[in-house]
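Engineer: quick one, structure for this:
(chains A and B)
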Protein chains: 2
Amino acid sequence: MKPGFVPGLRAEVEVVVDESMQASFAGRVIHPLYSTWSLVHHIEYAARRVLEPYLEPHEEGVGYAVEVRHLAPTPVGARVRAVAVLEAIEGNRVICRVEAFNDREKIAEGKQIQVIVEKSAFRRRIEELQQRLASAASGE
Amino acid sequence: MKPGFVPGLRAEVEVVVDESMQASFAGRVIHPLYSTWSLVHHIEYAARRVLEPYLEPHEEGVGYAVEVRHLAPTPVGARVRAVAVLEAIEGNRVICRVEAFNDREKIAEGKQIQVIVEKSAFRRRIEELQQRLASAASGE
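Structural biologist: The predicted structure is shown next:
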């Protein structure tokens, strides 16, 4: 990691909730509200923004774990701000405390963990997975 | 809840990973792999399918919390199966153990919690939120 990657670093992501972020499954809208999986998307984005400026050229960050509690509903059209704060670095694990807010209140809190990997080895692993998939498809 | 809503009930969701499910933020692809937030989407869908057949007409289920560890990468084009098993019902909380698999291995595990609410009261709350948002917008 580049120097300066220390607990307390923070980053934000702001979005306006649109219909693609609703609580829906296979196209069926369950609630016209900001979904937990969209919340996870934006929380992960904020955590990525904490990490990314400090990655060395040979390093890559990969999302590993997330836990989040969704505290209040947010309707389509409202603004959401997701915040990640670097809490700890444990070995190759980057642990962020995460929160989200709409214009009225805090709507979520939790934790997100990224793992630092060697970029070249990770790319090789992805290529192997893609090749294996292509072989399996052509063998069908 | 309708009779029969007891621990051990399970449901699955199967998807083929497409480009919309990649680890990407604001249109920028970070890894050409199944993202954690897509995993959360499918896990929540499986948990919804455990619950939905047992909701009484006056009840609704709302996603509350999720925790998940992403154990192995899955490339675009591969198949993913998300599984939810009802673990416990604590008051109005419905707790599911969740797992996901691709064709080769287990790729995730965790827990998801839904909350049972009164459908009419929840609808009123959503309408209030929508009206407040509309008033704020017209006041700008």
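Engineer: list the contacts for the residue lying closest to A:P57 once chain neighbours are set aside?
Structural biologist: With C-beta to C-beta, 6 or more residues apart in numbering or on different chains as the criterion, A:P57 has its nearest non-adjacent residue at 7.5 Å, and that residue is A:K119. In short, each C-beta sits where N, CA and C put it, glycine included. Counting by C-beta atoms under 8 Å, 6 or more residues apart in numbering or on different chains, A:K119 touches A:P57, A:H58, A:E59, A:E60.
Engineer: ignoring the adjacent residues along the chain, who's closest to the second one?
Structural biologist: Read that as A:H58. A:K119 (5.5 Å).
Engineer: which parts of chain A are strands?
Structural biologist: A:10-16, A:22-25, A:28-34, A:59-70, A:79-90, A:93-102, A:106-118 (DSSP state E).
Engineer: which elements pack onto the fourth one?
Structural biologist: When you say that, I think you mean strand A:59-70. Using 3 or more C-beta pairs under 8 Å, 6 or more residues apart in numbering or on different chains; DSSP states H and E as the contact test, the elements touching strand A:59-70 are helix A:36-51, strand A:93-102, strand A:106-118, helix A:119-139, helix B:36-51, strand B:59-70.
Engineer: including distance to A:M1 and mean pLDDT, could those go into TSV?
Structural biologist: Shown next, in TSV, are those (distance: least, C-beta to C-beta, whole Å; pLDDT from 0 to 100):
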stretch	distance to A:M1	mean pLDDT
helix A:36-51	9	97
strand A:93-102	9	98
strand A:106-118	7	98
helix A:119-139	13	92
helix B:36-51	21	98
strand B:59-70	21	97
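Engineer: just put those in a markdown table and tack on distance to B:V29.
Structural biologist: Shown next, in a markdown table, are those (distance: least, C-beta to C-beta, whole Å):
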| stretch | distance to B:V29 |
| --- | --- |
| helix A:36-51 | 12 |
| strand A:93-102 | 20 |
| strand A:106-118 | 16 |
| helix A:119-139 | 12 |
| helix B:36-51 | 13 |
| strand B:59-70 | 17 |
